[in-house]
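Asks: Pasting a predicted model and its sequence here:
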Number of protein chains: 2
Amino acid sequence: MASKRVDLDLLRSGSSLAIARAISLVENDDPVAQSLLADLFPHTGRAYRVGITGPPGAGKSTLTNRLAQHYRTLGLEVGIIAVDPTSPFTGGALLGDRVRMTDVELDHRVFIRSMASRGSLGGLSRKTAEAADVLDAAGKDVIFLETVGVGQSELDIAGTADTTVVVLVPESGDSIQAMKAGLMEIADLFVLNKADRAGADQAVMALEMILHFRGEGHRAPEVLKTIASEGVGISDAAAKIREHQTNLESTGALVERRRKRLDDRIRDLVADHLLHEFWSTSRLAILREGVEDALNGRSTPYAIASRLLNDHPEKQAGTQELP
Amino acid sequence: MASKRVDLDLLRSGSSLAIARAISLVENDDPVAQSLLADLFPHTGRAYRVGITGPPGAGKSTLTNRLAQHYRTLGLEVGIIAVDPTSPFTGGALLGDRVRMTDVELDHRVFIRSMASRGSLGGLSRKTAEAADVLDAAGKDVIFLETVGVGQSELDIAGTADTTVVVLVPESGDSIQAMKAGLMEIADLFVLNKADRAGADQAVMALEMILHFRGEGHRAPEVLKTIASEGVGISDAAAKIREHQTNLESTGALVERRRKRLDDRIRDLVADHLLHEFWSTSRLAILREGVEDALNGRSTPYAIASRLLNDHPEKQAGTQELP
């Protein structure tokens, strides 16, 4: 069954207009988005998803663009979803413009979409995965999920990829910061970018030493150097991503990652629906009243939550029903 | 009604042992934590909560400790909750040790607790607020919530404070990064720390210019300079925090913030409970089976979520009931 506003065949043929429209529906939580996503889901699963993350200023966009160019020369179809932390002042335009300046180097067949991280990040993680599904169904072979790896939620987005690349720069302490920020946990491959800067070799050594201490049972991610702005190390990076993919496929880990992703997705859908159904007008009224009581010391959040949970509409004949 | 494992009277008298035990119960999601929190809730609302956040290396711990010392000299009771991004290698000990080194300067009446941000951050935000409730009920006058402001979830924690202080350093681009990371949105006061470094005055000017462009309708947060390691600017910072508190109180904004916090808390409690109840053994079995079907292209996450949501146990006589 075709969706109301996006032609599924057009989308599957790779139409940029159809892709853009579909992602907009997803981004705006449009009511038709869910049925569209259900329709296109059977056509997903072919694309390989590469997460690119790291601290601000590490050169993630440049590396992503260079890798995209590389895959294009191999004849592959490429999509990029860049998650921008939105500035409350500019609505994200500041970073958006910077990304766009380098994007002109890419041919028009690379589909690029920026998604703002302002607002609900839990929702963003789901929306990013859904946007990747759109690109997957549209025939992209490689999809980049590019995020600033500064918080758990942003890391989660990159972590939904098949291979996650963490980009760092030689500046001292960067690897320690990465360790603290949880980047080590999600990295399948480390790229030390801007490797022509002072301290690059020491940074690689420090990183490898830290990774070595991770102990047994873990396959330590490799560390490689790039100068993305000059295209240095790009084919090496692509080769390492390919190597990781082969490894995931041969060990069954790729299926395991996708299983986990589906599990998370279904749980999210269920949670969204349950909460949406729960917060009826009458319960919101109880909540508002309860908040005032708690503010004035007449009740507690626990008593109010308990009252809300025990106030089953289906027990009161003819008020409203659960789904 | 007294809780099983923490004596409420002992806690209210300010016993560090009772506080530590209560926070451990909260942190470990112990079954008795909820009833303990319900018991102590009526004794909260007196403490003033100050969020301290900013990028790694900005000197948040030092500033927090100095402010704590300052309040101690005024005879106030102080508690500190420091949210550490946990390293997967060291279990957070690395950052933990660094914090502890400076903590020896504080007298033993300042209660300090580190909470690790590893794992569920949504849960961490709730737990941090609950730990603050414990300190509040224990008679602390000022409670610091110190987090690395690198992700939305960490910002949320600081944002649950009455006054949120964003700590930056003079290094170029820091204010731009802060803007990107959403720190501007939650800041009530900016502290430019390490103000003896080159570029401090320019950084303050840049920050003030950016804040100025925020446009009308917003009361721009003030920017002040400190050298926390030398105690410079600490009493000014405390005065500005006090000024912000007075402003919040006189405009009714403080009550509004606390109302919002209670609303969030109740919604969280409800969501936790609903999901806990929903995911019965039988539904988890349907989920597991559904994930395999989706993996093999025989179903979609949307169809599985829909099946789970429509499979009401109460419609099947004698299986199990909702709360």
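Replies: Cool, got the structure. Residues are numbered from 1 along each chain as shown, chains lettered A, B, ... in the order given.
Asks: Show me the residue at the heart of chain A, geometrically.
Replies: The centre of chain A sits closest to residue A:157, judged by Cα atoms, centre = their mean, with a distance of 2.6 Å.
Asks: any idea how far that residue is from residue A:273?
Replies: Between residue A:157 and residue A:273 the computed distance is 22 Å (Cβ to Cβ, to the nearest Å). To be clear about C-beta, it is placed using only N, CA and C from the backbone, and glycine gets the same treatment.
Asks: Likewise for residue A:12?
Replies: Taken as Cβ to Cβ, the span from residue A:12 to residue A:273 is 28 Å.
Asks: what's the answer for residue A:232, then?
Replies: For residue A:232 relative to residue A:273 (Cβ to Cβ), the value is 49 Å.
Asks: got a list of what the residue nearest to residue A:195 when sequence neighbours are not counted touches?
Replies: Among residues not flanking residue A:195 along the chain, residue A:225 sits closest, at 3.7 Å (Cβ to Cβ, 6 or more residues apart in numbering or on different chains). Residue A:225 makes contact with A:191, A:192, A:193, A:195, A:200, A:204, A:233, according to Cβ atoms under 8 Å, 6 or more residues apart in numbering or on different chains.
Asks: what sits against residue A:146?
Replies: Applying Cβ under 8 Å, 6+ apart, the residues near residue A:146 are A:51, A:52, A:53, A:60, A:61, A:64, A:80, A:81, A:82, A:83.
Asks: send the alpha carbons of the host helix or strand of the last one over as PDB?
Replies: Secondary-structure assignment from DSSP states H and E places residue A:83 in strand A:78-84. What follows is the C-alpha trace of strand A:78-84 in PDB, where atoms were taken according to Å, rounded to 0.1, in the frame of the first residue of the first chain:
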ATOM      1  CA  VAL A  78      26.100   7.200  -0.500                       C
ATOM      2  CA  GLY A  79      23.900   9.000   2.100                       C
ATOM      3  CA  ILE A  80      24.900  11.200   5.000                       C
ATOM      4  CA  ILE A  81      22.900  12.100   8.100                       C
ATOM      5  CA  ALA A  82      24.700  14.800  10.100                       C
ATOM      6  CA  VAL A  83      23.300  15.400  13.600                       C
ATOM      7  CA  ASP A  84      24.000  19.000  14.500                       C
END
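Asks: Given it, what are its sheet partners and their directions?
Replies: strand A:111-116 (parallel), strand A:142-148 (parallel) (DSSP bridges).
Asks: Contacts for that strand, please.
Replies: Strand A:78-84 has contacts (Cβ under 8 Å, 6+ apart) with A:19, A:47, A:61, A:64-65, A:68, A:71-72, A:92, A:95-96, A:99, A:109-117, A:124, A:128, A:131-132, A:135, A:138, A:140-148, A:154, A:157.
Asks: sorry, back to before: which of the strands paired with strand A:78-84 comes out lowest on mean pLDDT?
Replies: Lowest mean pLDDT within the strands paired with strand A:78-84: strand A:111-116, a mean of 84.
Asks: Buried ones in that strand, by neighbour count?
Replies: For strand A:111-116, a neighbour-count test (16 or more other Cβ atoms under 10 Å in any protein chain shown) marks A:111, A:112, A:113, A:114, A:115, A:116 as buried.
Asks: Could you list everything the second one pairs with in the sheet?
Replies: Think residue A:112. Assigned bridge partners for residue A:112, using DSSP bridges, are residue A:80.
Asks: same check, this time on the last one
Replies: With DSSP bridges as the criterion, the beta-bridge partners of residue A:116 are residue A:84.
Asks: Distance of it relative to chain B?
Replies: 11 Å (Cβ to the nearest Cβ, to the nearest Å).
Asks: Same check on the second one?
Replies: According to Cβ to the nearest Cβ, residue A:112 and chain B sit 19 Å apart.
Asks: hang on, residue A:283 packs against residue A:307?
Replies: No - with contacts counted by Cβ atoms under 8 Å, residue A:283 stays clear of residue A:307, the gap being 9.8 Å.
Asks: Quickly find the element holding residue A:76.
Replies: According to DSSP H and E, residue A:76 maps onto no helix or strand at all.
Asks: I meant to write residue A:241 there.
Replies: Residue A:241 belongs to helix A:234-251, assigned by DSSP H and E.
Asks: Contacts for that helix, please.
Replies: A:48, A:50, A:63, A:66-67, A:69-71, A:162-163, A:165, A:188-189, A:191, A:222, A:224, A:226, A:228, A:253-254, A:257.
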